[in-house]
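Chemist: Take this sequence and fold it.
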Amino acid sequence: MIYRVTYLSGGLRVAGYVALPPELSTTAEEIQAFLRRECRDDELSAHAVACVLPSACEAARNAAEAEQAKPPAGEAEISAIDAEEDRLHPSADSGPAQEAVSVPGQRRRYPVFVYCRGGIGSVGRVRLDWLAEFASFGRIVVAPCYRGGESGIGHDRFGGVDLEDSRVALRLAQAIPFADPAQIAVMGFSRGSINGTDAAIHEGASHLILWGGLSDLGRTYEERIDLRRMLKRVLQGSVYKIPEVYRERSPIHMAGRIPCPVLIVHGKEDVQVDYNHGLRMYEELRRLGKPADLITLEGLGHHMPQPVRMGVLAKIFAWLDASSTI
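Modeler: The predicted structure follows:
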């Protein structure tokens, strides 16, 4: 089931979503009570908006099995992973991550996947079909909408005050009674790389995935002429006028503070966020001695058909499972 929720962030009741795999049984009332208790606000809400179908889980399993059945990927598909990384990050053949031990009479604890969306305002809204796909891999999914846009309150500052929304979402994810607080992965998609990286640093994520993520906002200003007016309005100046603001919102300049393994996933033909954003982020992490992997999606761009996306997700969750066993 997928629930639309409100939670308290910086004094604002912002919107978000919680998606659960089909086998995890709870109610909107339970989720609402949890949010009200954690945020100490009796006006917060939760209501069901969509289902995660068992057929989606079967499709996820099939995608994962198809990926595992493929021969080892060459440099064209998964690049820049050397012998040292093979040692640090075993292949999926070593088996899935160990499940958290269940206490008799209690629910098992599930790993959590915090999804930080791209876009700004009403552009790049959280997609419910994506949440269902993430949950179908056996994860609890938490997705902040950010202030402004879907939340209908406050203003999205593209990595400014809105960072609090993703930080609080991660803190709430860690506190969910049937979640495993030791397995809280964060994924930032596109612009969400800013929010995801910041939340992983400040709230202590176990893993960080940057999919099609911008790494240098100053370069984005140079490359995306169509976004310059928005960036100047939201950040209150160009990269030439306030370079320090663009720098502090750039994941590549946060890399030294990232506390967890990082997976970079980027389409080689991405015209919205150039592939070099992902490559340079990977190279910077490696330079700093951080555990990092890079999946290069040959022939693919920022978005892709659903069957292809499921195959990419299978790679991502196989990486998470393998990394969690280390």
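
Chemist: now the strands for the stretch 201-326 of the chain?
Modeler: For the stretch 201-326 of the chain, the strands defined by DSSP state E, counting those that start in this stretch occupy 207-211, 262-267, 292-297.

Chemist: Of the ones you listed, flag the one that's most buried.
Modeler: For the strands of the stretch 201-326 of the chain, average neighbour numbers computed from mean count of other Cβ atoms under 10 Å are highest in strand 207-211, which has a mean of 28. Quick note: C-beta positions are derived from backbone N, CA and C, even for glycine.

Chemist: Given that one, what are its sheet partners and their directions?
Modeler: Paired strands of strand 207-211, with direction, are strand 179-189 (parallel), strand 262-267 (parallel) (DSSP bridges).

Chemist: The shortest one: how far from the chain's middle?
Modeler: From the chain centre to the centre of strand 262-267 is a distance of 11 Å (Cα atoms, centre = their mean, to the nearest Å).

Chemist: Tell me which helix or strand in the protein has the weakest average pLDDT.
Modeler: Least confident helix or strand, the chain: helix 83-88 with a mean of 37, by mean pLDDT, DSSP states H and E.

Chemist: can you pull the contacts of the most centrally placed residue in the chain?
Modeler: With distances taken as Cα atoms, centre = their mean, M187 lies nearest the centre of the chain, 1.5 Å away. M187 makes contact with F113, V114, Y115, C116, G196, L208, I209, L210, W211, I316 under the criterion Cβ atoms under 8 Å, 6 or more residues apart in numbering.

Chemist: if I look at the fifth one, how far off is T6?
Modeler: To tie it back to what came earlier, the one meant is G196. Counting by Cβ to Cβ, to the nearest Å, the gap from G196 to T6 is 21 Å.

Chemist: Quick one: closest of the strands of the stretch 201-326 of the chain to G159.
Modeler: strand 207-211 (13.9 Å; Cβ to Cβ).

Chemist: possible to save the contacts of M187 as a markdown table with distance to V18 and pLDDT?
Modeler: Putting these into a markdown table (distance: Cβ to Cβ, whole Å; pLDDT from 0 to 100) gives the following:
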| residue | distance to V18 | pLDDT |
| --- | --- | --- |
| F113 | 11 | 98 |
| V114 | 11 | 98 |
| Y115 | 11 | 98 |
| C116 | 15 | 97 |
| G196 | 17 | 98 |
| L208 | 20 | 98 |
| I209 | 19 | 98 |
| L210 | 22 | 98 |
| W211 | 20 | 98 |
| I316 | 20 | 97 |
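
Chemist: Just name the closest of those residues to D41, please.
Modeler: Among the contacts of M187, V114 lies closest to D41 (Cβ to Cβ), at 20.5 Å.

Chemist: State the number of residues packed around that closest one.
Modeler: For V114, the neighbour count with other Cβ atoms under 10 Å is 30.

Chemist: circling back: which one's more surrounded, G196 and T6?
Modeler: G196 (28 against 24).

Chemist: OK, contacts around the more buried one?
Modeler: Contacts of G196 (Cβ under 8 Å, 6+ apart): V114, C116, S166, V186, M187, G188, L208, I209, L210, G213.

Chemist: Which pLDDT does the model give the third one?
Modeler: Put plainly, it is S166. Here the pLDDT value assigned to S166 is 97.

Chemist: any idea which element it lies in?
Modeler: Under the criterion of DSSP states H and E, S166 resides in helix 163-175.

Chemist: What are the buried residues along that helix?
Modeler: In terms of neighbour count (16 or more other Cβ atoms under 10 Å), helix 163-175 has its buried residues at L163, E164, D165, S166, R167, V168, A169, L170, R171, L172, A173, Q174.

Chemist: What helices and strands are in contact with that helix?
Modeler: Other helices and strands packing on helix 163-175, by 3 or more Cβ pairs under 8 Å, 6 or more residues apart in numbering; DSSP states H and E, are strand 2-9, strand 12-19, helix 28-39, strand 110-116, strand 140-144, strand 179-189, helix 192-203.

Chemist: hang on, R191 packs against G121?
Modeler: No: contact between R191 and G121 fails when scored by Cβ atoms under 8 Å: they sit 11.1 Å apart.

Chemist: Look at these two and report which has more neighbours.
Modeler: Neighbours were counted for R191 and for G121 using other Cβ under 10 Å; R191 has more, 28 against 17.

Chemist: show me the contacts for the more buried one.
Modeler: G118, G119, I120, G124, F158, G159, G213, L214.

Chemist: now with 7 Å?
Modeler: Counting by Cβ atoms under 7 Å, 6 or more residues apart in numbering, R191 makes contact with G118, G119, I120, F158, L214.

Chemist: Great, nothing more from me.
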